[in-house]
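Undergrad: Based on what follows, work out the 3D shape:
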Amino acid sequence: MKVAIVHDWLVGYAGGERVLEQIIACYPSADLFTVVDFVPPEQRGFLGGRPVTTSFVQRLPLARRHYRSYLGLMPLAIEQFDLGAYDAVISSSHAVAKGVITGPDQPHISYVHSPMRYAWDQQHQYLRQSRTDRGLKGAYVRWLLSRLRQWDARTANGVDVFIANSHYIARRIRKAYRREAEVIPPPVDTELFRPGGLRGEAFLVASRQVPYKRIDLIAAAFARMPELRLVISGAGPEHARIRAASGGAPNISFLDPCAPAEMATRMQAARGFVFAGEEDFGIVLAEAQACGTPVIAFDRGGAREIVAGLKAAAPTGVLFGEQSVEGVTAGVRDFIAAEQRISAAACRAAAERFSIVRFRNDFTAAVERAIREIRD
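TA: Numbering: from 1, shown residues only. Below is the predicted model of the structure:
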């Protein structure tokens, strides 16, 4: 069977690319298509040396650094891929990949990390955080998101089977597209991320430093708790803002991004892993749990499907209810009060639900089932 895999864009190795890596492993002879490919050489291992077909956006001025500025052209770009020679198409989509054009005899299975969050229910939050909610630029962005929302809804009709990465995203797919989705959580490398070493006293944050992750709230909260240590690992456009929120507090330290093996070591040594964003799933939360590390997370999105809160018989962390400095502070205090109830074994057992083997088995079974149903 000749398979095409379509991914939104390739610029690094983050959560979506970890899923893509395992989809490629399921279909090693598949061809890969994406809007742009700017993955640096040292991070390309997950592609297995395969060639990547890109769109015209790849060749536009300043695309390497400002590819997101061409978002308005990406629907056109994704529709230009000629996939007529393929028996089946698999899209890995959080933006435009699911809009690829397929024929009536070509099964299209779309693994959705999220409907375009900035075009749907998180539009107003995105506008505020990107500071584009006012003025002429704000008016243009609102118009563009409206057009993207219409295109996104229309192209849902071209997908034969939706697979969501969480029940939370399945509900968003139902709301945006009026379609049902099977749920297959993303894969977690439970062989690499596993308990080991001595647990330290510092709490850990590890994430891309972008607005919706709300790392600034965590930094501000720990600045108010000088008796507790916090390590913030990562980089991104919010770095200066996060440092400002920390107020230079001596109990907060910053580390650069690192390779997965080093991240596993950092997670193993953490007293707890703290997360304040609203994630579609949150692979990093499951990775921390796989290391036996408790998680303190905002009680929205995929965190609810990963972390068993303090009301559970075998809790694996704390879910706090308010996305604010006070909410983070309360979550950390609740964790400290109940720390002895949370075992590394319970955290590990919770994460083993998301193993790579489980993902590959469930994903290939879902694809094969969809192809049979469509062709019969």
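Undergrad: if I pick residue 197, what's in contact with it?
TA: Counting by C-beta atoms under 8 Å, 6 or more residues apart in numbering, residue 197 touches 265, 268, 269. Bear in mind the C-beta positions are built from the backbone N, C-alpha and C, glycine included.
Undergrad: got those as TSV, with secondary structure columns?
TA: Below are the contacts of residue 197 laid out as TSV (DSSP: H, G, I helix; E, B strand; the rest coil):
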residue	secondary structure
265	helix
268	helix
269	helix
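Undergrad: Show me how to select, in PyMOL, the buried members of those residues.
TA: Of those, the buried ones can be selected in PyMOL as follows, counting by 16 or more other C-beta atoms under 10 Å:
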select buried, resi 268+269
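Undergrad: Can you tell me which of the contacts of residue 197 lies closest to residue 342?
TA: residue 268 (15.4 Å; C-beta to C-beta).
Undergrad: how close does that closest one sit to residue 137?
TA: Distance of residue 268 to residue 137, computed by C-beta to C-beta, to the nearest Å: 45 Å.
Undergrad: same deal with residue 288?
TA: 38 Å.
Undergrad: Of the two, which one has the most company?
TA: Between residue 288 and residue 137, counting by other C-beta atoms under 10 Å, residue 288 is the more crowded of the two (34 against 12).
Undergrad: Next, the contact list for the more buried one, please.
TA: Counting by C-beta under 8 Å, 6+ apart, residue 288 touches 193, 204, 267, 270, 273, 295, 347.
Undergrad: Please tabulate those residues in CSV, including the columns neighbour count and distance to residue 219.
TA: Shown next, in CSV, are the contacts of residue 288 (neighbours: other C-beta atoms under 10 Å; distance: C-beta to C-beta, whole Å):
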residue, neighbour count, distance to residue 219
193, 26, 24
204, 24, 13
267, 26, 19
270, 26, 16
273, 25, 15
295, 30, 18
347, 26, 24
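Undergrad: In strands, which of the residues you listed appear?
TA: Those of the contacts of residue 288 mapping onto strands are 204, 273, 295, per DSSP state E.
Undergrad: of all those residues, which comes closest to residue 248?
TA: For these, the nearest to residue 248 is residue 204 (19.6 Å; C-beta to C-beta).
Undergrad: Leaving out the residues flanking it, which one is nearest to that closest one?
TA: residue 270 (3.7 Å; C-beta to C-beta, 6 or more residues apart in numbering).
Undergrad: Distance check, that neighbour against residue 313.
TA: With distances taken as C-beta to C-beta, residue 270 is found 24 Å from residue 313.
Undergrad: Residue 97 too?
TA: 40 Å.
Undergrad: got it, and residue 12?
TA: In terms of C-beta to C-beta, residue 12 sits 39 Å off from residue 313.
Undergrad: Quick check: residue 39 touching residue 9?
TA: No: assessed by C-beta atoms under 8 Å, residue 39 is found out of contact with residue 9, at 9.7 Å.
Undergrad: quick one: secondary structure of residue 231?
TA: strand.
Undergrad: To what extent is it buried, counted in neighbours?
TA: Residue 231 sits with 19 neighbouring residues when counted by other C-beta under 10 Å.
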